[in-house]
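1. Quick one, what's the 3D model for this:
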Amino acid sequence: MNKQKIYNRIVQLKLTRIALVCIAILLIGCSKDNNANKFYLANATYDFGNTSGNQILKTTFIIDNLFDVPTEIVAVNSSCKCVKTTYAKKLLQPNESMEIAVEFDTKGFRGMQKKSITIETNHKNNKYIRFSVQTHIEGFKD
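-> Model (predicted):
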């Protein structure tokens with residue numbers, strides 16, 4: 001009986017070692033940097049507050065490329081033709097910043113309005129960056 005206990009204890013220790021090695025491999029694999037969420041956008045939504053209609057509201061967003069590789073800006077699109085964007089660069093080097101100027105033409109809108117802007121990049125893990133502008137339009141002049 002004593003030999004059986006020793007044998008069981010040895011098997012238990014071997015299984016424990018195998019389990020610890022598997023856990024270590026799993027943790028190392030999960031901690032590998034996949035460059036996820038490495039664009040930094042200071043403010044994902046800009047709120048103009050209460051405004052009146054027939055205005056062109058302007059703001060600027062700044063994005064930072066925190067990847068260790070250059071990232072190309074493929075396209076910048078908005079959810080509405082009333083939102084126009086301008087930007088100077090198509091390629092962001094590592095740790096480089098870029099301003100995106102946004103103009104929201106409120107003509108014809110009333111109430112709470114939220115419009116989104118989507119930047120499409122060539123990066124496989126962060127293909128899209130989304131941000132928005134919003135305002136509450138209290139009325140508009142004819």
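
2. Neighbours of residue 115, how many?
-> If you count neighbours by other C-beta atoms under 10 Å, residue 115 ends up with 17. All C-beta spots, glycine's among them, are computed from the backbone N, C-alpha and C.

3. Could you give the bridge partners of it?
-> Going by DSSP bridges, residue 115 is paired in beta bridges with residue 133.

4. I'd guessed residue 100 sits against residue 87; true?
-> Yes: between residue 100 and residue 87 there is a contact at 4.7 Å, judged by C-beta atoms under 8 Å.

5. which of the two has more neighbours?
-> residue 100 (21 against 16).

6. separation between that one and residue 44?
-> 13 Å (C-beta to C-beta, to the nearest Å).

7. same question, residue 10
-> Look at residue 10 and residue 44: by C-beta to C-beta, they are 57 Å apart.

8. Next: residue 72.
-> 21 Å.

9. Thanks again, I'm all set now.
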